[in-house]
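A.B. asks: Give me the fold of what follows.
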Amino acid sequence: MLAAPQARAQSAENPAPPVVRTTLANGLKVVFAPDRRSRHVALAVAYAAGSAAAPEGHAGLPHLVEHLSFWGSRHLEPYGAVRMIDELGGSTNAQTRSEHIVYFATAPTFALERLLWLEADRMAFAIDAIDEESLAIERRVVTRELDERADDFAIELFRFRQRALYGAAHPFTPSERERRNVGVATADDARWFFQRTHRPDNATLVVAGAFDVAAARTWVERYFAPIVSPAIAPLTTEAPAPALCGEHRSRIEHNFVVYPRVRVAWVVQPEGPTDVLSLRLAALALRQRLVDGLVAAGTAEWVRAGLESHATHALLEVEIQLTRDADVDTAIDQVDAAFFDLSAAPLAPRAFRSLVGALEAALEADASPLDRSLALALGRPDPRDLLRELPELGSEDVRRVLQQSGAGRLVQTAANAPGVRGLVERRRANPCD
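C.D. replies: Take a look at the predicted model:
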């Protein structure tokens, strides 16, 4: 492989500093991931309870609490942390994902101690700022976000995808009552959720980039070690993998659909970094085959493919936006043909080298301090480890993971239907029944 000798040489001449992992007495998991090549530092704190952790009747509460956690504390005014990090030349944000709420920031290295203090202050004291005033304001903000999403066709397709993959009762399936639940959430609800989730024994803290590990360890001990988790148990979520035993079909119809869409998702169970790399290569190979077969022929606008990772499973997915008059069944046939060809025989050496080069470039981007801190905080493989393992990968690995991925899949299409108002889903009988 073209990239392999260069990658090995760089690794031998300038080996990356080791990742240091530790757990504080209060249960906080800490990861230090130094990188000599970086010029700044990134920090991420992930709490293992995202949107899927919302109790029955409280959909949207995790997202609401994420917003409320920026309202300062007994030490900070509302959004004081954001302003402070901005003044230091950094930036900060947060995301509510299905399995995590994650807070992250980047800044010059000299600001690391301040970043750590701010996140410790959030963990220990942000609950003090959750009151009726802050709740009323953030409830309006979150409700407005939900209203904007309701008009987003891509988000609506995602909701249908989740329901078709996981079933209506699964924690990953968005609730149709989320807006209403947010509207009636109380400050007591928000404080209860914060206590059950934003705590040391439910969190992973990652520092990545240019910093001194010994100094960072001292600051982590100073600011996080005194925080005590509440006596009540942390909130946990049961989110099993989809039980697809054959091909599930979901057709979405709407009179406003101009460009037909096709989405095919396979449920996969990667076991270790080699499988993750092989599946990412498989996604690149599928995309290239479909670009050559559909986009080049003028029957598709674009093709996307990737790997979506969760704690219990992953999804290998292809999404295609076709041209206005293209036939969705023909596109599905092309997906099937590409999948079959790639699972039946190894890639040609030249094609494989090209894909490895593309994946290496993507992994280099993933290895930035911010992206690396997020990956490690969310329990994903370290991009640096994946880069080191990439030269050992062979085209047979791509064929192997595809052969293991064919047991069940979802095929979702979206097409124009004159006279149909609103999104209508038509499903083929469930092969599991």
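A.B. asks: Please list the residues outside stretch 89-101 that contact it.
C.D. replies: 40, 46-53, 62-63, 65-66, 69-70, 81-82, 85, 102-108, 111, 115, 171-172, 197-198, 237, 239, 310-311, 377-378 (Cβ atoms under 8 Å, 6 or more residues apart in numbering). Where C-beta positions appear, they are placed from N, C-alpha and C, glycine not excepted.
A.B. asks: Restricted to helices, list the residues you listed.
C.D. replies: 62, 63, 65, 66, 81, 82, 85, 115, 197, 377 (DSSP state H).
A.B. asks: just the buried members of these?
C.D. replies: For these, a burial check counting by 16 or more other Cβ atoms under 10 Å picks out 62, 63, 65, 66, 81, 82, 85, 115, 197, 377.
A.B. asks: just to revisit the earlier point, residue 408: which of the ones in helices among the contacts of stretch 89-101 is nearest?
C.D. replies: Within the ones in helices among the contacts of stretch 89-101, the smallest distance to residue 408 is 28.8 Å, found for residue 62 (Cβ to Cβ).
A.B. asks: Check the closest one and give its pLDDT.
C.D. replies: Per-residue pLDDT puts residue 62 at 96.
A.B. asks: all strands of the stretch 101-250 of the chain, in order?
C.D. replies: Applying DSSP state E, counting those that start in this stretch to the stretch 101-250 of the chain gives strands spanning 101-107, 203-209, 247-254.
A.B. asks: Pull up the pairing partners for the last one, direction included.
C.D. replies: Strand 247-254 has the following strand partners under DSSP bridges: strand 409-416 (parallel), strand 424-427 (antiparallel).
A.B. asks: Mean pLDDT lowest where, among these?
C.D. replies: Among the strands paired with strand 247-254, strand 424-427 carries the lowest mean pLDDT (a mean of 68).
A.B. asks: buried residues in stretch 262-281?
C.D. replies: Burial within stretch 262-281, assessed by neighbour count using 16+ other Cβ under 10 Å, is assigned to 262-268, 270, 273-281.
A.B. asks: cool, and stretch 79-99?
C.D. replies: 80, 81, 82, 84, 85, 90, 92, 94, 96, 98, 99.
A.B. asks: dump the residue contacts of the first one.
C.D. replies: Contacts for residue 80 (Cβ under 8 Å, 6+ apart) come out as residue 72.
A.B. asks: go with 10 Å
C.D. replies: 70, 71, 72, 73, 118, 121 (Cβ atoms under 10 Å, 6 or more residues apart in numbering).
A.B. asks: thinking again about what came up before, now the strands paired with strand 247-254 in TSV, with mean neighbour count and distance to residue 382?
C.D. replies: TSV is the format used below for those (neighbours: other Cβ atoms under 10 Å; distance: least, Cβ to Cβ, whole Å):
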stretch	mean neighbour count	distance to residue 382
strand 409-416	21	29
strand 424-427	12	39
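A.B. asks: Confirm that residue 44 lies within a helix, as I assumed.
C.D. replies: No. According to DSSP: H, G, I helix; E, B strand; the rest coil, residue 44 belongs to no helix; its state is strand.
A.B. asks: got a list of what it touches?
C.D. replies: 31, 94, 100, 102-106, 119, 204-208, 369-378.
A.B. asks: and it, bridged to which residues?
C.D. replies: Note on residue 44: beta-bridge partners by DSSP bridges are residue 104, residue 206.
A.B. asks: From residue 377, how far out is it?
C.D. replies: Distance from residue 44 to residue 377, counting by Cβ to Cβ, to the nearest Å: 4 Å.
A.B. asks: which among the contacts of residue 80 gets closest to residue 414?
C.D. replies: Using Cβ to Cβ, the shortest approach to residue 414 within those belongs to residue 70, at 35.9 Å.
A.B. asks: Next, work out how far apart that closest one and residue 348 are.
C.D. replies: For residue 70 relative to residue 348 (Cβ to Cβ), the value is 52 Å.
A.B. asks: Repeat that for residue 398.
C.D. replies: According to Cβ to Cβ, residue 398 and residue 348 sit 12 Å apart.
A.B. asks: if you count what's nearby, which of those two comes out ahead?
C.D. replies: residue 398 (26 against 10; other Cβ atoms under 10 Å).
A.B. asks: Going by secondary structure, that one is in what exactly?
C.D. replies: helix 395-403 (DSSP states H and E).
A.B. asks: List of residues touching that helix?
C.D. replies: Identification of contacts with helix 395-403 by Cβ under 10 Å, 6+ apart yields 1, 266, 268-271, 274-286, 316, 338-349, 351-353, 355-356, 394.
A.B. asks: repeat that with 6 Å
C.D. replies: Here helix 395-403 makes contact (Cβ atoms under 6 Å, 6 or more residues apart in numbering) with 275, 278, 279, 281, 282, 342, 343, 346, 347, 352.
A.B. asks: In it, which of the residues would be classed as buried?
C.D. replies: Per 16+ other Cβ under 10 Å, helix 395-403 contains these buried residues: 395, 397, 398, 399, 400, 401, 402.
A.B. asks: picking up where we left off before, if any of the contacts of stretch 89-101 are buried, give me the ChimeraX selection for them.
C.D. replies: Selection of the buried residues among the contacts of stretch 89-101 in ChimeraX, burial being defined by 16+ other Cβ under 10 Å:
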select :40,46,47,48,49,50,51,52,53,62,63,65,66,69,70,81,82,85,102,103,104,105,106,107,111,115,171,172,197,198,237,239,310,377,378
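A.B. asks: quick one: which of the ones in helices among the contacts of stretch 89-101 is nearest to residue 183?
C.D. replies: Out of those, the member with the shortest distance to residue 183 (by Cβ to Cβ) is residue 63, at 13.0 Å.
A.B. asks: what's the closest non-adjacent residue to that closest one?
C.D. replies: Of all residues not flanking residue 63 in the chain, residue 96 sits nearest, at 4.4 Å (Cβ to Cβ, 6 or more residues apart in numbering).
A.B. asks: any idea how far the one you found lies from residue 102?
C.D. replies: The gap separating residue 96 from residue 102 is 8 Å, by Cβ to Cβ.
A.B. asks: Just list what the helix or strand harbouring residue 305 packs against, helices and strands only.
C.D. replies: Following DSSP H and E, one finds residue 305 within strand 300-309. Using 3 or more Cβ pairs under 6 Å, 6 or more residues apart in numbering; DSSP states H and E, the elements in contact with strand 300-309 are helix 273-290, strand 314-322.
A.B. asks: would you list the ones you listed in JSON lines and tack on mean pLDDT and distance to residue 233?
C.D. replies: Shown next, in JSON lines, are the helices and strands packed on strand 300-309 (pLDDT from 0 to 100; distance: least, Cβ to Cβ, whole Å):
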{"stretch": "helix 273-290", "mean pLDDT": "96", "distance to residue 233": "32"}
{"stretch": "strand 314-322", "mean pLDDT": "96", "distance to residue 233": "28"}
